[in-house]
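S.K.: generate a structure from the sequence data that follows.
(chains A and B)
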Amino acid sequence: MSPRQLLVPALVVATMAIAQAPTPPEAVDASKVPDPEKVRVSAESVTKMRAALKDVLTKLEEARNSKDVVKLNCVNEKLTQIKGLLRISETSDVQLQEAVAKRETATAEHEFTKVSIARGKVDQLRAEAEECIGQLAFRTDENQVVEVETPEYLPAGDLTIIPASFPPIDSRPPPASPTM
Amino acid sequence: MNRERGTSDGGDRSGGALTRCIRGLLALLVLFAVPSAAEVPTAPGFKIGEGRLHPFLALDGRFDSVVGFFNIVGGVAQPSPEIIFHVRPGLKFDLTTDSTLVSFDGAAEYLWYTGLLSPSSTQLSRFQANVGLDAHFNKTGAVEVQVSDRLTRSDRTQNPAAGVGVISLYNNARLALPIHPGGRALEVTPSVAFGVEFFDPLLTGTITGCMAGDPTCDPTLVGQMNYGNLTFGLGGRWKFLPKTALVLDANFDYRLYFTSGSNNLPGMVLRVQTGLIGLISPRISLTLLAGYGGNLAADPTTMTSGPHTPIGHAEFAYLPSEASRLALGYVRTIQPVSSLGSFIDDRGYLQGRLGLLGGRLQLNAEVAADYFWYFQPTQRNDLILSVGVGPTFIVASWFDTTATYRLSLRDSTTAAQSVNYVRHEATLNLNFHY
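M.R.: Here you go, the predicted model:
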């Protein structure tokens, strides 16, 4: 069994293992897709995966700015996986184009399947990266900042101060009469 | 023709008067329409670090209809009026940053009783003082530290049972630790304060109607009322809107007396109240607090504690502008007091402040009525009614002036003459500051 043949089951297993919230789209039956369509869909998938990488990089920056290690690690983990999948997909895309040019149908189908599975997996990882930011936003810590916007038309000053328990009494009884 | 001319001239004159009247009204409207209090000039002060030091000098002239009982008519002491001048130089320091607030003010005051209306009153001339420090550290942190202290020497005592003129030397130190985790919406403030007050007679002599041996009205015995007051507090505040909060406030006063052999009744007063404070609309503020108050210390004679009573504070305030406020309120509280153990105060008040000319001119008015209940050793009730009105005008950043008229009426179930009087006071204050 060649390394290429090992890679497809490995991708499928990995996809199932990490399968969470959004369900990845099922891999299409490559034998039913014409070769030119394979090339077009594969190129489009790689472009989409690059966009996903860019999006997750933005989320990484967001997590870094919040100085939240938990969020940062969570997004970073997804990013690493996306990078790996993108690298595999780019290689497969080139090999798909070569196989189509050489009319090697089996190889072309194999590479197309790899790109299709990788795209589904990347879409899933992208959604998970969003969850890293979104779900954890409800967690408060010392870095959490709450900004309360007070309408400008409200009176200035703190109107919620608890009043003194005994207001000062302005009473000064007169002194004794020194002449009596 | 003459008549027509005359009519015509009269029309011109009335038209001119009307025009002048309209111009005058417009000028007045322009003056009153200055929109914001931001134009009120403020004193620059001397810059010291990040703070500002403001020296000031206050000069007061005051007419007081009851400075004492110096005139004897038919063997009865009569209330004596006098004109008094106050000279009060002082310093004020303010430092405010995001995380720190330091505020200090200190003033010495000399009261000169002129003797123009009651020559014997000159012996009341004296020095007074008022010094205060308030510091807040780590305001933006989870645990803030607040330290404050105030020292006063004056004839205005914290003791409403005092029935004779005294000089009160009062000091109160307070430490509070407001805890506001995760922002400032929720705040819990434990605090501890210790206050002491020492009494000296303004003048020695006799008060008509004062029972022998009563330290509240016998000037030779007022020192027996000297006390220390230890206060533990716990306040909680949840701001569920930017200017509106639910609050819980609990305080416990433990009263100490310094004079051995004095007959001061013990005071261990607990107050707990909860409710709502703040805006309920952009212009209406409410305070609605209710709870329990009681003196937990047992009277050594009867071996019973008390009184125990509901307490509370209700206030309705209308805020038409930043410089104007109208408030109507009622407070019921219980406090420890020298000699008599504790007292309940029922206070109703109406306060009004109207800012005009962009805040340069303030018209102030207040009516307050306090009804005091003392239960031990015998029932006693005092009523203090006061009415005060007067304007404050900010002339320049370095000068403002205030005129005040105040009527005070005090009436008591005890016969002492010094707690049954009517006082008229008129004061003109000139305040210079940099």
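
S.K.: and whatever residue of chain A ends up closest to chain B, how many neighbours does it have?
M.R.: At 3.2 Å from chain B, A:Pro175 is the closest residue in chain A, using C-beta to the nearest C-beta. Where you see a C-beta, it was placed from the backbone N, CA and C, and this is true even at glycine. Applying other C-beta atoms under 10 Å in any protein chain shown, we find 26 residues neighbouring A:Pro175.

S.K.: now do the contacts for it.
M.R.: Taking C-beta atoms under 8 Å, 6 or more residues apart in numbering or on different chains as the criterion, A:Pro175 is in contact with B:68-69, B:124, B:164-166, B:201-203, B:205, B:219, B:418.

S.K.: show me what from the stretch 201-350 of chain B comes close to chain A.
M.R.: Taking C-beta under 8 Å from any C-beta of the partner chain, the part of the stretch 201-350 of chain B that reaches chain A is made up of B:201-208, B:219, B:235, B:237, B:239, B:242-245, B:247, B:249, B:251, B:271, B:277-279, B:282-283, B:285, B:287, B:313, B:319, B:322, B:331, B:333, B:335, B:345, B:347.

S.K.: among the residues you listed, which ones are buried?
M.R.: Among those, those classed as buried by 16 or more other C-beta atoms under 10 Å in any protein chain shown are B:201-203, B:205-208, B:219, B:235, B:237, B:239, B:242-245, B:247, B:249, B:251, B:271, B:277-279, B:285, B:287, B:313, B:319, B:331, B:333, B:335, B:345, B:347.

S.K.: just the ones of those residues in strands?
M.R.: Of the positions in those, B:201, B:235, B:237, B:239, B:244-245, B:247, B:249, B:251, B:271, B:277-279, B:285, B:287, B:313, B:319, B:331, B:333, B:335, B:345, B:347 sit in strands, assigned by DSSP state E.

S.K.: any idea which residue sits dead centre in the chain?
M.R.: If you meant another chain, say so; for now it's chain A. Nearest to the mean C-alpha position of chain A, counting by C-alpha atoms, centre = their mean, stands A:Ala129 at 2.2 Å.

S.K.: chain B is the one I meant
M.R.: Centre-most residue of chain B, counting by C-alpha atoms, centre = their mean: B:Arg156, 9.9 Å.

S.K.: could you look up the SS state of that residue?
M.R.: coil (DSSP: H, G, I helix; E, B strand; the rest coil).

S.K.: for B:Lys243, what are phi and psi?
M.R.: Dihedral pair for B:Lys243: phi -130, psi 20, per degrees, to the nearest 10.

S.K.: mind listing what the residue nearest to it when sequence neighbours are not counted touches?
M.R.: Distance criterion C-beta to C-beta, 6 or more residues apart in numbering or on different chains; nearest residue to B:Lys243, sequence neighbours excluded, is B:Leu279 at 4.2 Å. B:Leu279 is in contact with A:154-155, A:159, B:241, B:243-244, B:285-286, counting by C-beta under 8 Å, 6+ apart.

S.K.: what is the neighbour count of residue 44?
M.R.: Picked chain A for this. A:Glu44 is flanked by 12 other residues according to other C-beta under 10 Å.

S.K.: could you do chain B instead?
M.R.: As a burial measure, B:Pro44 scores 11 neighbours (other C-beta under 10 Å).

S.K.: and what of B:Arg174?
M.R.: 17.

S.K.: contacts only, for the residue of the stretch 51-200 of chain B found nearest chain A.
M.R.: Going by C-beta to the nearest C-beta, chain A is nearest to B:Gly165 of the stretch 51-200 of chain B, at 3.2 Å. For B:Gly165, the contact set (C-beta under 8 Å, 6+ apart) comprises A:172-176, B:68, B:155, B:201-203, B:219, B:418.

S.K.: same question, A:Ser42
M.R.: Neighbours of A:Ser42 in contact, by C-beta under 8 Å, 6+ apart: A:89, A:92-93, A:96-97, A:111-112, A:115.

S.K.: tell me what the lengthiest helix in chain A is packed against?
M.R.: Ranked by number of residues, the top helix in chain A under DSSP state H is helix A:69-102. Packing contacts for helix A:69-102, counted by 3 or more C-beta pairs under 8 Å, 6 or more residues apart in numbering or on different chains; DSSP states H and E, involve helix A:35-65, helix A:105-136.

S.K.: just say which of those helices is most tucked in.
M.R.: Neighbour counts (mean count of other C-beta atoms under 10 Å in any protein chain shown) averaged over each of the helices and strands packed on helix A:69-102 peak at helix A:105-136, with a mean of 21.

S.K.: now it: mean pLDDT?
M.R.: For helix A:105-136, the mean per-residue pLDDT is 87.

S.K.: quick one on the thing from earlier: make a markdown table from the contacts of A:Pro175 and add pLDDT to it.
M.R.: Output for the contacts of A:Pro175, formatted as a markdown table (pLDDT from 0 to 100):
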| residue | pLDDT |
| --- | --- |
| B:Gly68 | 90 |
| B:Phe69 | 88 |
| B:Leu124 | 93 |
| B:Val164 | 90 |
| B:Gly165 | 91 |
| B:Val166 | 92 |
| B:Pro201 | 92 |
| B:Leu202 | 91 |
| B:Leu203 | 89 |
| B:Gly205 | 84 |
| B:Pro219 | 90 |
| B:Ser418 | 84 |
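
S.K.: please name the nearest non-neighbouring residue to the residue nearest to the centre of chain B.
M.R.: Excluding the flanking residues, the one nearest B:Arg156 by C-beta to C-beta, 6+ apart is A:Arg172, at 5.9 Å.

S.K.: the one you found reaches B:Pro160, doesn't it?
M.R.: No: between A:Arg172 and B:Pro160 there is no contact under C-beta atoms under 8 Å: 11.1 Å.

S.K.: still on that earlier bit, so which of the helices and strands packed on helix A:69-102 is nearest B:Leu177?
M.R.: Nearest to B:Leu177 among the helices and strands packed on helix A:69-102 is helix A:105-136 (31.0 Å), distances taken as C-beta to C-beta.

S.K.: now do the buried residues in stretch B:215-232.
M.R.: Under the neighbour-count rule (16+ other C-beta under 10 Å), stretch B:215-232 has B:215-219, B:221-227, B:229, B:231 buried.

S.K.: that older thread, the contacts of A:Ser42: which two are farthest apart?
M.R.: Largest separation among these by C-beta to C-beta: A:Ser89 and A:Gln97, giving 12.7 Å.

S.K.: which one of those two has more residues nearby?
M.R.: For A:Ser89 versus A:Gln97, neighbours defined as other C-beta under 10 Å are more numerous around A:Ser89 (26 against 17).

S.K.: skipping its backbone neighbours, what lies nearest that one in space?
M.R.: Per C-beta to C-beta, 6+ apart, closest to A:Ser89 is A:Ala118, 4.4 Å.

S.K.: next structured bit after the longest strand along chain B?
M.R.: Of all the segments of type strand in chain B, defined by DSSP E, the longest one is strand B:51-73. With elements assigned by DSSP states H and E, the helix or strand that comes after strand B:51-73 is strand B:76-96.

S.K.: run the angle between the next helix or strand after that following strand and strand B:76-96 for me.
M.R.: Next helix or strand after strand B:76-96 toward the C-terminus (DSSP H and E): strand B:101-113. Between strand B:101-113 and strand B:76-96, the angle comes out at 150 degrees (axes from the mean of the first three to the mean of the last three C-alpha atoms, to 10 degrees).

S.K.: list the contacts for B:Thr427?
M.R.: For B:Thr427, the contacting residues are B:60-63, B:390, B:402-406, by C-beta under 8 Å, 6+ apart.

S.K.: neighbouring strands of the helix or strand containing it in the sheet, and parallel or not?
M.R.: Using DSSP H and E, the element containing B:Thr427 is strand B:421-433. Paired neighbours of strand B:421-433 in the sheet (DSSP bridges): strand B:51-73 (antiparallel), strand B:399-412 (antiparallel).
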